[in-house]
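S.K.: below are the sequence and a predicted model; questions follow.
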Amino acid sequence: MKRKYYFIDTENVGDSWLKLVKKLKKKDRIITFYTENHSKCLEEFLVRQVNNPKIIWLECAVGNNALDYQLLGVLAYMIAKHPKASYCIYSNDKGYQKTVAFWQSRGIQMKQKFPEQKYLDQKKKRDKKQKKKHKQSKKTKAKNQTKLFMQKQSMYLDACDYKGNQTKLTEEQYVSEIAKSIPFSNLNGWYCALTVILGQKSGREWYQKIRRDVLMREDFSKHFTGNSDERCVNIVTLALYAHDLDTDKAKNIYEIIRAHHYKDLNAIKMDFDKIPELKTQTKYYRVLRPLVALLKDL
């Protein structure tokens with residue numbers, strides 16, 4: 001059986017190597033490199049193990065990388081004296097890797113053991129597990145909150161027809177209604193509708209919220225329904241309602257926009273002016289003008 005030598009860099013691994021003694025085989029030896037700055041635990045262990053023939057104690061001079069150089073010097077000496085033995089550098093310092101590779105290429109059995117690696121791997125695995133658990137918990141919470149919100153919205157909208165009701169909708173209810181007409185594949189359309197219906201400030205805030213929240217988009221997308229004309233009339237109605245304009249003519253207004261292929265703005269405005277029921281035709285045109293191009297995509 002070959003003898004194995006463990007070279008302990010106590011400046012780097014501290015006292016984590018002490019448990020190694022119990023795992024030594026009969027021929028194995030530990031060469032411990034320490035300085036005057038050693039820990040109290042190491043000093044007590046030295047007193048108990050000073051007569052242990054399996055442990056060799058070498059006190060090193062203090063200095064920048066001084067212990068490392070002394071360890072490498074003793075290592076070279078031991079290899080020259082016992083070339084058939086195997087060697088293990090017990091240190092977390094990756095600077096020894098070049099030395100290990102050097103001797104391995106010359107047929108010497110050598111490796112480096114990183115005492116902290118097992119701890120770091122376990123910590124990494126534990127942190128990953130906790131992060132995943134936290135993420136799932138956060139996702140579930142957000143999903144439940146969104147689901148609850150959507151249930152409340154559905155209950156409200158079932159009981160209230162906004163087209164004939166003078167009670168103002170909340171911003172959340174407007175967003176829920178917009179979701180009936182605009183798919184989330186058309187985010188530009190969402191921005192346009194939100195800013196027209198909710199105003200620039202609130203519209204931008206809701207747009208950013210919708211862009212960031214995937215779960216919200218998934219839940220709102222369930223409302224998407226109807227054919228193209230129904231979706232367009234719904235958006236026109238919402239815009240008129242949000243600006244306190246008459247919603248009864250929403251379908252007629254949409255038909256005018258469609259008749260001019262969603263692009264001839266002057267012709268659309270002129271036809272608006274021909275509707276006698278619209279008391280403030282200019283305001284109707286001003287509100288709906290930004291939505292004309294959007295309606296073509298619905």
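M.R.: Perfect, I can see it now. Numbering: from 1, shown residues only.
S.K.: flag the shaky bits of the stretch 51-200 of the chain, pLDDT-wise.
M.R.: 116-127, 134-167 (pLDDT under 70).
S.K.: mind doing that once more with 90?
M.R.: Residue ranges of the stretch 51-200 of the chain with pLDDT under 90: 51-52, 62-65, 92-94, 114-200.
S.K.: all helices for it, in order.
M.R.: 66-81, 97-104, 115-159, 171-178, 187-198, 200-212 (DSSP state H, counting those that start in this stretch).
S.K.: residue 75 and residue 100 touch, don't they?
M.R.: No - between residue 75 and residue 100 there is no contact under C-beta atoms under 8 Å: 10.0 Å. Heads up, the C-betas are built off the backbone N, CA and C, glycines and all.
S.K.: of these two, who's got more company?
M.R.: More crowded of residue 75 and residue 100, by other C-beta atoms under 10 Å: residue 75, with 21 against 18.
S.K.: mind listing what the more buried one touches?
M.R.: By C-beta atoms under 8 Å, 6 or more residues apart in numbering, residue 75 lies in contact with 7, 87, 89, 99.
S.K.: ok, back up a step: shared neighbours of residue 75 and residue 100, anything?
M.R.: In contact with both residue 75 and residue 100: residue 89, using C-beta under 8 Å, 6+ apart.
S.K.: pLDDT of stretch 7-22, averaged?
M.R.: Mean pLDDT, stretch 7-22: 87.
S.K.: the closest residue in space to residue 287 that isn't next to it in sequence and residue 283, how far apart?
M.R.: The shortest distance from residue 287 to any non-neighbouring residue, by C-beta to C-beta, 6 or more residues apart in numbering, is to residue 243 (5.0 Å). Separation of residue 243 from residue 283 (C-beta to C-beta, to the nearest Å) stands at 7 Å.
S.K.: let me know the next secondary structure element after the helix or strand encompassing residue 283.
M.R.: Using DSSP states H and E, residue 283 falls within helix 281-288. Going down the chain from helix 281-288, the next helix or strand is helix 292-297, by DSSP H and E.
S.K.: and that following helix, what does it pack onto?
M.R.: helix 187-198, helix 228-242, helix 250-259 (3 or more C-beta pairs under 8 Å, 6 or more residues apart in numbering; DSSP states H and E).
S.K.: how about the residue nearest to residue 283 when sequence neighbours are not counted, phi and psi?
M.R.: What sits nearest to residue 283 in space, not counting adjacent residues and going by C-beta to C-beta, 6+ apart, is residue 245, at 6.8 Å. Dihedral pair for residue 245: phi -110, psi 160, per degrees, to the nearest 10.
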